[in-house]
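S.K.: Just a sequence and a predicted model for now, questions to come.
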Amino acid sequence: MIQFKLEGEFIPLIQLLKATGLVGSGGDAQTVVEDGLVKTNGEVEFRKRYKVRVGDIITFGENKIEII
């Protein structure tokens, strides 16, 4: 599991995927979200600009990101 320390109130989902290195670009991040490949707290998330906050668990493939 990747632990991501949030600096501020939230981070948009596509920026989080880029910041953790799970995708190569913002375009790649948008595509995986639109294709339903990303889950937020166990639910498929289609909103690219979803505001990820402390306590959220993001799942992409075999990768899990815990927001701390």
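M.R.: Now that the structure is in, tell me what you want to look at. Given the structure is predicted, the values throughout are model-derived calculations rather than measurements.

S.K.: Now do the SS call for the residue lying farthest from the centre of the chain.
M.R.: Here the chain reaches farthest from its C-alpha mean at residue 8, the gap being 15.6 Å by Cα atoms, centre = their mean. Assigned with DSSP: H, G, I helix; E, B strand; the rest coil, residue 8 falls in the coil class.

S.K.: can you check the one 10 residues further on too?
M.R.: State at residue 18, reduced to three classes by three-state DSSP: helix.

S.K.: can you pull the contacts of it?
M.R.: 25-26, 29 (Cβ atoms under 8 Å, 6 or more residues apart in numbering). C-beta here means a position set from N, CA and C on the backbone, and glycine is covered the same way.

S.K.: Of those residues, which is the most crowded?
M.R.: Tallying neighbours with other Cβ atoms under 10 Å puts residue 29 at the head of the contacts of residue 18, with 23 neighbours.

S.K.: hey, where'd the helices end up in the protein?
M.R.: For the chain, the helices defined by DSSP state H occupy 13-19, 26-34.

S.K.: Can you list the buried residues in the last one?
M.R.: Right, helix 26-34. For helix 26-34, the neighbour count (16 or more other Cβ atoms under 10 Å) marks 29-30, 32-33 as buried.
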